[in-house]
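Visitor: I need the structure of the sequence given here:
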Amino acid sequence: MYGRMRPGRCVQQNYGYIGCHTDVTRVIATRCSGRSRCEIANLEAELATYQNCPADLKVYLDANYTCIKVATDRTGECQRHGTVTLTSPIGYIANNRTTRSPRGCSWVVEALPGQHIELTLMDFTRFPDGSKVKIRASQYCVEYVVISEQGKEENVVVCDGDPRVDQIYRSRGNVVAIRLSEQLTGRSSPVHFLIKYEALGCPYPPLSSDYRIVRQKDGSITVTCNATRQSYWTLVCRNRKWIGNLGNCSAAALGVDKSQTWDIENVLGIHILTIGCVAVIVCFIIVIIGVVCIRRQSRRPHLPLMTSSASTSRRCVDAKSECYTTVGSMRRGTTGRPGRGSTSGEYTHIWQTRRPTPVATPAVPECATDDPTGPCSGFSTFKPPPGHIYARPSFACEGEGQCFRSAAVARLLRLRPRRSARTAEQEL
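Guide: Coordinates of the predicted model:
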């Protein structure tokens, strides 16, 4: 801070205008940050434009700084192998240190298996345009570093810009290679920046081949035994350490422990199988009940349906017998469902048909004479019969609207005429 922040030796009492100050971190950082030492010759002239306190107040600069340790190639590994491997979980790479290494040297940050690496850029270079950090955004940007990772085809090029601190990369695996751009060498204006690397997450626990590890989306892991897959444990990562209990999956331990603990997946599978079996049994019972009901319905005797209007027809047994009139047959039906369409399978409702009352045959005398009072001599006069006499019977109705009529059976009543005396004499 630059200004009069608080009372001091020169100004011991606040008269209401003490507390004026300006943040000049950006200005001082371009002169001192990222360096082992810095010097500002004319501080007041450098910061005159940032003065906002009264002219009669003496202003001052209040600065705080921290020294951090950066990575260096003290063993000459870069010159021998072309790479410098960094294995610490947190560290910094300063460009003013790495530029002293041979060209083409890469700084390889390697974390433990199961962890990923995060890179943060701290830019202390002052540029008048105030452009932001660009990742291959323009061909005119000043390249700082090139980041590569195994398994990725394209490299990431990080350029200069603003803000001063910005996260530039997050790896998928546990190894990242950082190479400083060749554009940094031979520049008229010096470039100063730091790259912070940090290994995040927890490494996989050192387990034997008897275990199987599955990483979850929330960062936790599930450990199961390869031999049985019946026991599982869940571990949670906190501050790069796994928290949770882990059982023994060795063959000896599994042989001693006879109790079986089912995991969530097996229990869920058993529940699904049980529900499926119950559903199949219920469906089978419903089908059986339906088949039984259909068979019972088909075996139930059909009830005739009475119709409001009945047709009459004339039926004869044979050509020589009598004919009679009957009420037309009604279609059979089931209860609540009349028959449709075809007339096949009909029933004829036949009531007992009465035959006509026979007509009594009159008694024929043994002899006939013209004189009915005379004695019967055994001879009489023959007279031809006048013709056939038919009797037509009639019947009363059996019920209202239903009468049965039948043609009477033809009966020939031939009456023997009386013979006169003259006829008898002629015959003699």
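Visitor: use CA for all of it now, contacts and neighbours both
Guide: OK.
Visitor: residues in contact with stretch 32-52?
Guide: Contacts of stretch 32-52 from elsewhere in the structure, counted by C-alpha atoms under 8 Å, 6 or more residues apart in numbering, are 2-3, 20-22, 24, 31, 94, 96, 124, 192-194.
Visitor: show me which positions of that stretch end up buried.
Guide: Neighbour counts over stretch 32-52 (16 or more other C-alpha atoms under 10 Å) mark 32-35, 47, 51 as buried.
Visitor: turn these into JSON lines, including secondary structure and pLDDT.
Guide: Output for the buried residues of stretch 32-52, formatted as JSON lines (DSSP: H, G, I helix; E, B strand; the rest coil; pLDDT from 0 to 100):
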{"residue": "Cys32", "secondary structure": "helix", "pLDDT": "84"}
{"residue": "Ser33", "secondary structure": "coil", "pLDDT": "83"}
{"residue": "Gly34", "secondary structure": "coil", "pLDDT": "81"}
{"residue": "Arg35", "secondary structure": "coil", "pLDDT": "83"}
{"residue": "Leu47", "secondary structure": "coil", "pLDDT": "79"}
{"residue": "Gln51", "secondary structure": "coil", "pLDDT": "76"}
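Visitor: who wins on neighbours among the contacts of stretch 32-52?
Guide: For the contacts of stretch 32-52, counting by other C-alpha atoms under 10 Å, the largest number of neighbours falls to Phe124: 26 neighbours.
Visitor: where do the domain boundaries of the chain fall?
Guide: Per automatic domain parsing, the domain ranges recorded for the chain read 2-61, 77-200, 211-265, 354-428.
Visitor: and Thr120, what does it touch?
Guide: Counting by C-alpha under 8 Å, 6+ apart, Thr120 makes contact with 165-169, 195-197.
Visitor: redo that, cut-off 6 Å
Guide: If a contact means C-alpha atoms under 6 Å, 6 or more residues apart in numbering, then Thr120 has 166-168, 195-196 as its contacts.
Visitor: those residues in strands, which ones?
Guide: Using DSSP state E, the members of those that fall within strands are 166-168, 195-196.
Visitor: for stretch 172-191, how far is the first residue from the last?
Guide: Between the opening and closing residues of stretch 172-191 there is a gap of 29 Å (C-alpha to C-alpha, to the nearest Å).
Visitor: and that stretch, which residues are buried?
Guide: Buried residues in stretch 172-191, counting neighbours by 16+ other C-alpha under 10 Å, are found at 172-181, 184, 191.
Visitor: select from the ones in strands among the contacts of Thr120 the one having the most neighbours.
Guide: Neighbour tally across the ones in strands among the contacts of Thr120 (other C-alpha under 10 Å): the maximum, 21 neighbours, falls on Ile195.
Visitor: distance check, that residue against Tyr92.
Guide: In this structure, Ile195 and Tyr92 are separated by 6 Å, where distance is defined by C-alpha to C-alpha.
Visitor: quick one: low-confidence parts of the stretch 1-150 of the chain?
Guide: Scanning the stretch 1-150 of the chain with the threshold set as pLDDT under 70 gives 1-19, 56, 98-104, 126-140.
Visitor: what segments of it are strands?
Guide: 2-4, 20-22, 60-61, 83-86, 90-94, 106-110, 116-123, 143-148 (DSSP state E, counting those that start in this stretch).
Visitor: give me whichever of the ones you listed is most buried.
Guide: Comparing the strands of the stretch 1-150 of the chain by mean neighbour count (mean count of other C-alpha atoms under 10 Å), strand 2-4 ranks first with a mean of 23.
Visitor: pLDDT weak spots in the stretch 201-350 of the chain?
Guide: If you take pLDDT under 70 as the line, the stretch 201-350 of the chain has these spans: 229-230, 251-267, 301-350.
Visitor: so where do the strands sit in it?
Guide: According to DSSP E, counting those that start in this stretch, the stretch 201-350 of the chain carries its strands in the segments 211-215, 221-225, 232-238, 241-243, 303-304, 312-316, 323-327, 332-334, 337-338.
Visitor: any chance of the contacts of Thr120 in CSV, with distance to Thr87 and pLDDT too?
Guide: Formatted as CSV, the entries for the contacts of Thr120 read as follows, by distance: C-alpha to C-alpha, whole Å; pLDDT from 0 to 100:
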residue, distance to Thr87, pLDDT
Asp166, 23, 85
Gln167, 20, 88
Ile168, 20, 90
Ile195, 15, 92
Lys196, 13, 94
